[in-house]
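Enquirer: need a 3D model of the following:
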Amino acid sequence: MKRFIFALSTFLILLVSIESANAAGTKSASKADPCAKNWVFFDLGDTLVDSKAGKNHLMTYLPGAVNYLKNLKDQGYQMGLISNIPDDWGVSPATRLVRLKKEIADSWNPADKEGFHWEWFNEDAIFLPAQASERKPAPILFHRAISFAQKASGCKRPVPYFQSESPDEIAAANQTGMQGFLVVPAAPGKDTVYAPVSQSIK
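Expert: The predicted structure follows:
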(Lines give C-alpha, C1' and ligand atoms only; values in the text may rest on other atoms or scores of the structure.)
Protein backbone atom coordinates (compact mmCIF):
# COMPACT_ATOMS: atom_id res chain seq x y z
CA MET A 1 0.00 0.00 0.00
CA LYS A 2 2.84 2.37 0.88
CA ARG A 3 4.47 1.63 -2.49
CA PHE A 4 1.23 2.47 -4.25
CA ILE A 5 0.85 5.78 -2.40
CA PHE A 6 4.49 6.67 -3.16
CA ALA A 7 4.05 5.85 -6.85
CA LEU A 8 0.84 7.86 -7.03
CA SER A 9 2.49 10.84 -5.36
CA THR A 10 5.42 10.67 -7.76
CA PHE A 11 3.04 10.54 -10.74
CA LEU A 12 1.07 13.58 -9.51
CA ILE A 13 4.26 15.59 -8.95
CA LEU A 14 5.44 14.69 -12.47
CA LEU A 15 2.05 15.63 -13.95
CA VAL A 16 2.07 19.03 -12.23
CA SER A 17 5.61 19.66 -13.49
CA ILE A 18 4.62 18.87 -17.07
CA GLU A 19 1.57 21.12 -16.91
CA SER A 20 3.66 23.95 -15.47
CA ALA A 21 6.24 23.56 -18.23
CA ASN A 22 3.54 23.58 -20.90
CA ALA A 23 1.96 26.70 -19.43
CA ALA A 24 5.31 28.46 -19.31
CA GLY A 25 5.98 27.50 -22.92
CA THR A 26 2.61 28.81 -24.04
CA LYS A 27 3.13 32.06 -22.16
CA SER A 28 6.60 32.46 -23.65
CA ALA A 29 5.32 31.81 -27.19
CA SER A 30 2.56 34.38 -26.75
CA LYS A 31 5.20 36.97 -25.92
CA ALA A 32 7.36 36.19 -28.94
CA ASP A 33 9.33 39.18 -30.16
CA PRO A 34 7.59 40.54 -33.29
CA CYS A 35 10.96 41.93 -34.38
CA ALA A 36 12.72 38.57 -34.21
CA LYS A 37 12.18 37.91 -37.92
CA ASN A 38 13.06 40.81 -40.17
CA TRP A 39 11.27 41.81 -43.36
CA VAL A 40 13.17 40.92 -46.53
CA PHE A 41 12.48 42.78 -49.77
CA PHE A 42 13.76 41.81 -53.21
CA ASP A 43 14.19 43.31 -56.60
CA LEU A 44 12.51 41.02 -59.12
CA GLY A 45 14.13 40.95 -62.57
CA ASP A 46 17.62 39.43 -62.60
CA THR A 47 17.52 39.11 -58.81
CA LEU A 48 14.89 36.39 -58.43
CA VAL A 49 13.89 35.70 -62.04
CA ASP A 50 15.75 35.67 -65.34
CA SER A 51 14.20 38.55 -67.24
CA LYS A 52 16.48 38.82 -70.26
CA ALA A 53 14.80 40.70 -73.07
CA GLY A 54 14.43 39.01 -76.39
CA LYS A 55 11.97 37.28 -78.65
CA ASN A 56 10.64 33.96 -77.37
CA HIS A 57 12.54 34.28 -74.09
CA LEU A 58 10.96 32.13 -71.37
CA MET A 59 11.18 33.47 -67.85
CA THR A 60 12.09 31.30 -64.88
CA TYR A 61 13.71 31.51 -61.46
CA LEU A 62 17.42 32.17 -61.26
CA PRO A 63 19.43 29.17 -60.00
CA GLY A 64 18.85 28.68 -56.29
CA ALA A 65 16.21 31.40 -55.98
CA VAL A 66 13.15 29.25 -55.30
CA ASN A 67 14.93 27.19 -52.63
CA TYR A 68 16.23 30.34 -50.96
CA LEU A 69 12.76 31.91 -50.87
CA LYS A 70 11.22 28.72 -49.51
CA ASN A 71 13.87 28.62 -46.80
CA LEU A 72 13.00 32.17 -45.73
CA LYS A 73 9.27 31.40 -45.78
CA ASP A 74 9.69 28.22 -43.74
CA GLN A 75 11.70 30.12 -41.14
CA GLY A 76 8.96 32.70 -40.72
CA TYR A 77 10.38 35.68 -42.57
CA GLN A 78 7.99 38.14 -44.18
CA MET A 79 8.86 38.96 -47.80
CA GLY A 80 8.08 41.78 -50.20
CA LEU A 81 9.15 43.12 -53.59
CA ILE A 82 10.45 46.48 -54.78
CA SER A 83 10.51 46.35 -58.57
CA ASN A 84 10.62 48.81 -61.46
CA ILE A 85 7.95 48.52 -64.15
CA PRO A 86 7.03 50.55 -67.25
CA ASP A 87 5.11 53.78 -66.64
CA ASP A 88 2.03 52.63 -68.58
CA TRP A 89 1.26 49.52 -66.54
CA GLY A 90 -1.60 51.00 -64.57
CA VAL A 91 -2.84 54.01 -62.64
CA SER A 92 -3.20 52.34 -59.23
CA PRO A 93 -1.10 49.90 -57.17
CA ALA A 94 -3.67 47.16 -57.77
CA THR A 95 -3.76 47.53 -61.55
CA ARG A 96 0.03 47.75 -61.75
CA LEU A 97 0.37 44.53 -59.76
CA VAL A 98 -2.20 42.76 -61.94
CA ARG A 99 -0.24 43.77 -65.04
CA LEU A 100 3.06 42.62 -63.52
CA LYS A 101 1.60 39.23 -62.64
CA LYS A 102 0.19 38.88 -66.15
CA GLU A 103 3.50 39.76 -67.82
CA ILE A 104 5.35 37.19 -65.73
CA ALA A 105 2.71 34.51 -66.26
CA ASP A 106 2.68 35.10 -70.04
CA SER A 107 6.48 34.85 -70.21
CA TRP A 108 6.94 31.99 -67.75
CA ASN A 109 8.61 28.79 -68.91
CA PRO A 110 5.82 26.15 -69.13
CA ALA A 111 8.32 23.50 -68.08
CA ASP A 112 8.24 25.07 -64.62
CA LYS A 113 4.81 23.90 -63.53
CA GLU A 114 4.89 25.77 -60.20
CA GLY A 115 5.18 29.23 -61.74
CA PHE A 116 6.14 32.26 -59.72
CA HIS A 117 5.14 31.90 -56.05
CA TRP A 118 3.25 35.12 -55.49
CA GLU A 119 1.68 33.59 -52.38
CA TRP A 120 5.04 33.79 -50.60
CA PHE A 121 4.94 37.60 -50.77
CA ASN A 122 2.66 39.94 -48.88
CA GLU A 123 0.75 41.82 -51.60
CA ASP A 124 0.69 44.96 -49.47
CA ALA A 125 4.50 44.78 -49.42
CA ILE A 126 4.93 44.86 -53.21
CA PHE A 127 6.07 48.36 -54.15
CA LEU A 128 5.95 49.44 -57.81
CA PRO A 129 6.62 52.94 -59.20
CA ALA A 130 3.64 55.02 -60.27
CA GLN A 131 5.81 57.21 -62.51
CA ALA A 132 9.33 57.50 -63.83
CA SER A 133 10.49 59.68 -60.93
CA GLU A 134 9.73 56.85 -58.49
CA ARG A 135 11.79 54.23 -60.28
CA LYS A 136 14.74 52.80 -58.37
CA PRO A 137 17.33 53.93 -57.47
CA ALA A 138 15.10 56.86 -56.45
CA PRO A 139 14.55 56.56 -52.67
CA ILE A 140 10.74 56.78 -52.48
CA LEU A 141 9.96 53.05 -52.84
CA PHE A 142 12.57 52.17 -50.23
CA HIS A 143 11.08 54.67 -47.79
CA ARG A 144 7.62 53.21 -48.39
CA ALA A 145 8.93 49.71 -47.72
CA ILE A 146 10.59 50.77 -44.46
CA SER A 147 7.43 52.51 -43.26
CA PHE A 148 5.25 49.54 -44.16
CA ALA A 149 7.54 46.98 -42.47
CA GLN A 150 7.75 48.99 -39.26
CA LYS A 151 3.97 49.45 -39.08
CA ALA A 152 3.29 45.81 -39.97
CA SER A 153 5.67 44.46 -37.31
CA GLY A 154 4.95 47.12 -34.71
CA CYS A 155 8.63 47.84 -34.17
CA LYS A 156 11.32 50.07 -35.58
CA ARG A 157 14.21 47.62 -35.46
CA PRO A 158 15.83 46.05 -37.22
CA VAL A 159 15.38 47.92 -40.48
CA PRO A 160 14.19 45.84 -43.47
CA TYR A 161 16.56 44.02 -45.75
CA PHE A 162 16.78 44.60 -49.51
CA GLN A 163 18.47 42.32 -52.03
CA SER A 164 19.26 43.18 -55.65
CA GLU A 165 21.82 42.52 -58.36
CA SER A 166 22.15 46.27 -58.97
CA PRO A 167 24.95 48.11 -57.09
CA ASP A 168 23.11 51.42 -57.63
CA GLU A 169 19.95 50.06 -56.03
CA ILE A 170 21.86 48.64 -53.08
CA ALA A 171 23.62 51.97 -52.53
CA ALA A 172 20.28 53.79 -52.64
CA ALA A 173 18.66 51.31 -50.25
CA ASN A 174 21.50 51.71 -47.76
CA GLN A 175 21.20 55.49 -47.94
CA THR A 176 17.52 55.29 -46.95
CA GLY A 177 18.38 53.12 -43.95
CA MET A 178 17.64 49.66 -45.32
CA GLN A 179 20.15 46.84 -45.08
CA GLY A 180 21.29 46.16 -48.62
CA PHE A 181 22.86 42.97 -49.96
CA LEU A 182 24.27 42.77 -53.47
CA VAL A 183 23.13 39.51 -55.07
CA VAL A 184 25.90 37.72 -56.96
CA PRO A 185 24.86 36.06 -60.26
CA ALA A 186 25.26 32.31 -60.38
CA ALA A 187 28.52 30.90 -61.69
CA PRO A 188 28.16 27.97 -64.14
CA GLY A 189 26.69 25.03 -62.26
CA LYS A 190 26.25 27.06 -59.06
CA ASP A 191 23.41 28.85 -57.29
CA THR A 192 22.84 32.59 -57.17
CA VAL A 193 24.41 34.04 -54.01
CA TYR A 194 21.85 35.65 -51.68
CA ALA A 195 22.29 36.99 -48.16
CA PRO A 196 23.12 34.15 -45.74
CA VAL A 197 19.99 33.69 -43.63
CA SER A 198 21.71 32.60 -40.44
CA GLN A 199 24.35 35.36 -40.51
CA SER A 200 23.00 38.50 -42.14
CA ILE A 201 19.21 38.50 -41.85
CA LYS A 202 18.21 39.00 -38.23
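Enquirer: tell me what the spatially most central residue of the chain is bridged to.
Expert: What sits nearest the mean C-alpha location of the chain, by Cα atoms, centre = their mean, is M79, with 2.1 Å. Bridge pairing for M79 (DSSP bridges) gives the partners V40.
Enquirer: hang on, it packs against L69?
Expert: Yes - assessed by Cβ atoms under 8 Å, M79 is found in contact with L69 at 7.0 Å. Glycine gets a C-beta too; all of them are placed from N, C-alpha and C.
Enquirer: any residues in contact with both of these two?
Expert: Residues touching both M79 and L69 by Cβ atoms under 8 Å, 6 or more residues apart in numbering: W120.
Enquirer: sorry, back to before: let me see the contact set for the residue nearest to the centre of the chain.
Expert: 39-42, 69, 72-73, 120-122, 125.
Enquirer: show me just the buried residues among those residues.
Expert: 39-42, 69, 72, 121, 125 (16 or more other Cβ atoms under 10 Å).
Enquirer: from the residues you listed, which is closest to V91?
Expert: A125 (20.5 Å; Cβ to Cβ).
Enquirer: tell me the confidence at the closest one?
Expert: Per-residue pLDDT puts A125 at 97.
Enquirer: in space, what's closest to it - neighbours in sequence excluded?
Expert: G80 (2.9 Å; Cβ to Cβ, 6 or more residues apart in numbering).
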